[in-house]
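Undergrad: Following is a predicted model, sequence given first.
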Amino acid sequence: MAGVESRIQRSILDYLKLKNIVAWKNSNVGIYKKSTGQYIPSGTPGVSDILGVLHPSGRFLAIEVKAPKKYASPTQKVFLEQIRNAGGLAGVCRSIDDVIELLKEE
């Protein structure tokens, strides 16, 4: 993940912790295979960067973190839509302000 996105992700996780929202960074990079120099996929394509559970509702939370002017990939968009369709709260966030707006939907 780019440096800008890493900083945004850290600030979002810190904010969620302050709001007593259980959330964690989801690592979906895969396993590096030294012999081929490639990553072996180790998860579901498109899974969001931050996952969590909202209190007290228990509603699932998925946040795809993007740097300004960057957009979610097609597989990331599909994942976010699947979460929404299942009753979860999901969105692309580029800042804490975006997270605040997303959480208003709770």
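TA: Structure received. Numbers count the residues shown, from 1 in each chain.
Undergrad: What count of nearby residues applies to the nearest residue in space to residue 49 that is not next to it in sequence?
TA: Among residues not flanking residue 49 along the chain, residue 65 sits closest, at 4.4 Å (CB to CB, 6 or more residues apart in numbering). Where C-beta positions appear, they are placed from N, C-alpha and C, glycine not excepted. By the measure other CB atoms under 10 Å, the count of residues near residue 65 is 27.
Undergrad: I'd say residue 65 and residue 5 touch.
TA: Yes - with contacts counted by CB atoms under 8 Å, residue 65 reaches residue 5, the gap being 5.5 Å.
Undergrad: Is residue 82 in a helix, a strand, or coil?
TA: helix (DSSP: H, G, I helix; E, B strand; the rest coil).
Undergrad: and it, how many neighbours?
TA: 14.
Undergrad: Next one, pLDDT for it please.
TA: Looking at residue 82, its pLDDT is 97.
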